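Asks: quick one, fold the following:
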Amino acid sequence: MTKQALQKELLEKVKPGAKPSDIKRRKSAGDIPSAPPLPNLAQENKQLKAELAQLKATPPNLFLSGLLDTKQRELEKVRKESETKSNTIRLLRENLERDTKEQEISELKSQLKATKQQLDNSLEARTKALSDFAKQYEKTKQLATELEQTINQASAELNQGDSEITHLRTKLFQATQQASSLQRELNLNRINRHSSPSNSASLNNYQTKLDYFQYALYALMAV
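Replies: Here you go, the predicted model:
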């Protein structure tokens with residue numbers, strides 16, 4: 001039988017005006033432990049004897065009063081322990097919440113840092129692409145300017161060549177006209193030579209001029 005069970009049994013038996021000799025311990029199967037170790041049983045018997053001695057030496061009312069004070073002290077102790085545990089649980093919960101928030105903040109900072117790094121990399125890549133585009137644009141613009149200058153120069157040279165060709169064609173036409181005129185005169189002189197021998201020198205002169213114009217005509221045609 002435990003101490004609490006014994007106290008309960010004593011409270012049931014003790015009545016106002018009862019004598020200590022009237023109190024007898026009731027024995028039953030429930031009072032016998034199932035298999036308690038011998039040292040615990042000896043200690044329990046010793047404790048029960050001490051309580052019985054105290055009960056015999058103390059009147060019932062005083063005993064109940066002391067028992068009530070003991071229970072009140074135990075209750076106060078339990079209340080303080082409960083309050084301490086509640087405070088401990090509250091502190092643990094607060095610490096857990098604080099740690100959780102700190103962990104969440106740390107994770108958010110890590111995510112923010114990673115996002116910022118991605119944005120920096122993207123901005124750097126776009127800036128480089130824009131710089132490369134600007135360089136390529138300037139190069140293309142320069143090439144376009146050089147191409148335009150080359151086209152203008154070639155056009156001017158073509159125009160100049162057209163002018164020279166027109167001039168040469170004009171000279172060729174004039175030379176052709178002169179050659180035709182000389183050929184007619186030469187033919188006429190040949191006719192007259194048969195009729196008059198004195199025209200041989202004049203005929204040779206016309207033949208020389210005709211040869212010269214033919215050479216000049218060939219030269220113009222070669223150009």
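Asks: just checking, what packs against the helix ranked longest in the chain?
Replies: In the chain, assigned by DSSP state H, the helix with the most residues is helix 60-195. Where contact means 3 or more Cβ pairs under 8 Å, 6 or more residues apart in numbering; DSSP states H and E, helix 60-195 is packed against helix 3-13, helix 200-222. C-beta here means a position set from N, CA and C on the backbone, and glycine is covered the same way.
Asks: could you tell me the least trusted of those?
Replies: For those, mean pLDDT drops lowest on helix 200-222, to a mean of 57.
Asks: can you list the domains in the protein?
Replies: 3-92, 164-222 (automatic domain parsing).
Asks: which of those has the lowest mean pLDDT?
Replies: Across the domains of the chain, the lowest-scoring stretch is domain 3-92, with a mean of 64.
Asks: what about Asn189, neighbour count?
Replies: 18 (other Cβ atoms under 10 Å).
Asks: go on, Asn192?
Replies: By the criterion of other Cβ under 10 Å, Asn192 has 13 neighbours.
Asks: now it: how far from Arg184?
Replies: Computed as Cβ to Cβ, to the nearest Å, the Asn192 to Arg184 distance reads 13 Å.
Asks: repeat for Asn159
Replies: For Asn159 relative to Arg184 (Cβ to Cβ), the value is 37 Å.
Asks: how much space between Lys128 and Leu96?
Replies: As judged by Cβ to Cβ, Lys128 and Leu96 stand 48 Å apart.
Asks: should've said Ala154
Replies: Taken as Cβ to Cβ, the span from Ala154 to Leu96 is 85 Å.
Asks: next, count neighbours for Leu168.
Replies: 14.
Asks: over to Ala175?
Replies: Neighbours of Ala175 (other Cβ under 10 Å): 20.
Asks: now Leu188
Replies: 13.
Asks: tell me how far it lies from Ala179.
Replies: Distance, Leu188 to Ala179, using Cβ to Cβ: 15 Å.
Asks: show the average pLDDT along stretch 124-141.
Replies: Average pLDDT, stretch 124-141: 87.
Asks: with just CA atoms, put that stretch into PDB.
Replies: Presented in PDB, the C-alpha positions along stretch 124-141 are these (Å, rounded to 0.1, in the frame of the first residue of the first chain):
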ATOM      1  CA  GLU A 124      25.600  42.300 -67.900                       C
ATOM      2  CA  ALA A 125      24.700  40.000 -70.800                       C
ATOM      3  CA  ARG A 126      22.300  42.500 -72.200                       C
ATOM      4  CA  THR A 127      24.800  45.300 -71.800                       C
ATOM      5  CA  LYS A 128      27.400  43.300 -73.600                       C
ATOM      6  CA  ALA A 129      25.000  42.400 -76.400                       C
ATOM      7  CA  LEU A 130      24.000  46.100 -76.800                       C
ATOM      8  CA  SER A 131      27.700  47.100 -76.800                       C
ATOM      9  CA  ASP A 132      28.400  44.400 -79.500                       C
ATOM     10  CA  PHE A 133      25.400  45.600 -81.500                       C
ATOM     11  CA  ALA A 134      26.600  49.200 -81.300                       C
ATOM     12  CA  LYS A 135      30.100  48.200 -82.400                       C
ATOM     13  CA  GLN A 136      28.700  46.100 -85.300                       C
ATOM     14  CA  TYR A 137      26.300  49.000 -86.200                       C
ATOM     15  CA  GLU A 138      29.200  51.500 -86.400                       C
ATOM     16  CA  LYS A 139      31.200  49.000 -88.400                       C
ATOM     17  CA  THR A 140      28.300  48.400 -90.800                       C
ATOM     18  CA  LYS A 141      27.700  52.100 -91.000                       C
END
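Asks: having no further points to raise, I will conclude here.
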